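S.K.: Structure for this input, please:
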Amino acid sequence: MSNYIVIIPTYNEKENIEAIIRKTLSLQPLLDILIVDDNSPDGTAVIVKSMQIEFVNRLHILERKEKNGLGTAYIAGFKWCLAKQYQYIFEMDADFSHNPEDLLKLLNACENEAAGLAIGSRYITGVNVVNWPISRVIMSYYASAYVRFITGMPLRDSTAGFVCYTRKTLQSINLDNIKFKGYAFQIEMKFKTYLSKIKIIEVPIIFTDRTKGTSKMSNKIFREAFFGVIELKINSWFKK
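M.R.: Down below sits the predicted model:
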């Protein structure tokens, strides 16, 4: 078994799932994959299970009964990976918006530069986003600026979903107390890591919007993130 595992949450990703699995499992050093599938009606899980015959002990799947939010999918994945003794645990989307080859940059930051959390950052060296409409680029960029202003975290891309946690970092966070389910989950996890005074490194990446499948972003998710940041900051005052 590898020390490294990539969690990929899925819901209706049949167009992308085989290609992202093959690309990720081709990398060196060898990485394992955990797919957390929320009962995709398009048969994503069926494709994954058919590939497990080829990638024995490297490709794993955790099937959930319903679509219950990105945050809960990752928390379930984190707990599974910790129980299996993995040392470096990644988050990555299934749609190739994150380049699997950049996983090695995140690993280097954790393994060789002593980061407890490495973030694949779209904004640490400018704006490195491809195929997004300008309105979404502006919203995303200023969302991170808003998070910096409210929380005090010196991060350029606090909403990023392409990251690597060390085992020690995840063990330092009470995963059962993580509240948010949507993209606010990404901010909450980084904020908890920041409050624990764990070293965080942002690694520049190029983010490319999906070309297959559909985005899971919604107004509800955006509202949760906007107001959730204020809640996180206020709660931190009473937990010092």
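S.K.: Okay, now the unreliable bits of this structure?
M.R.: Scanning the chain for pLDDT under 70 picks out 210-226, 239-240.
S.K.: Nearest residue to Thr72 in space, please, no chain neighbours.
M.R.: Take Thr72 and drop its neighbours on the chain: the residue closest to it by Cβ to Cβ, 6 or more residues apart in numbering is Lys181, 5.7 Å away. Yep, even glycine has a C-beta here, placed from its N, CA and C like the rest.
S.K.: Number of residues surrounding the one you found?
M.R.: 19 (other Cβ atoms under 10 Å).
S.K.: now the one 4 residues further on
M.R.: Applying other Cβ under 10 Å, we find 25 residues neighbouring Phe185.
S.K.: Please identify the helix or strand for it.
M.R.: helix 184-195 (DSSP states H and E).
S.K.: in stretch 104-121, what counts as buried?
M.R.: The neighbour-count check on stretch 104-121 (16 or more other Cβ atoms under 10 Å) flags 105-107, 109-111, 115-121 as buried.
S.K.: So what would you say the end-to-end distance of that stretch is?
M.R.: Counting by Cα to Cα, to the nearest Å, you get 14 Å between the two ends of stretch 104-121.
S.K.: how far does it sit from the chain's center?
M.R.: Offset of stretch 104-121 from its chain centre (Cα atoms, centre = their mean, to the nearest Å): 14 Å.
S.K.: Same check on stretch 51-65?
M.R.: For stretch 51-65, the separation from the chain centroid amounts to 19 Å (computed by Cα atoms, centre = their mean).
S.K.: repeat for stretch 113-127
M.R.: Chain-centre distance of stretch 113-127: 13 Å, with Cα atoms, centre = their mean.
S.K.: circling back: CA-only coordinates of the helix holding Phe185 in CSV, if you can.
M.R.: Presented in CSV, the C-alpha positions along helix 184-195 are these (Å, rounded to 0.1, in the frame of the first residue of the first chain):
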residue,chain,number,x,y,z
ALA,A,184,-17.4,26.8,2.8
PHE,A,185,-16.0,23.4,3.9
GLN,A,186,-12.8,24.2,2.1
ILE,A,187,-12.5,27.5,3.9
GLU,A,188,-13.4,26.0,7.3
MET,A,189,-10.7,23.2,6.9
LYS,A,190,-8.0,25.8,6.0
PHE,A,191,-9.1,28.1,8.9
LYS,A,192,-8.9,25.2,11.4
THR,A,193,-5.4,24.4,10.1
TYR,A,194,-4.4,28.0,10.3
LEU,A,195,-5.6,28.3,13.9
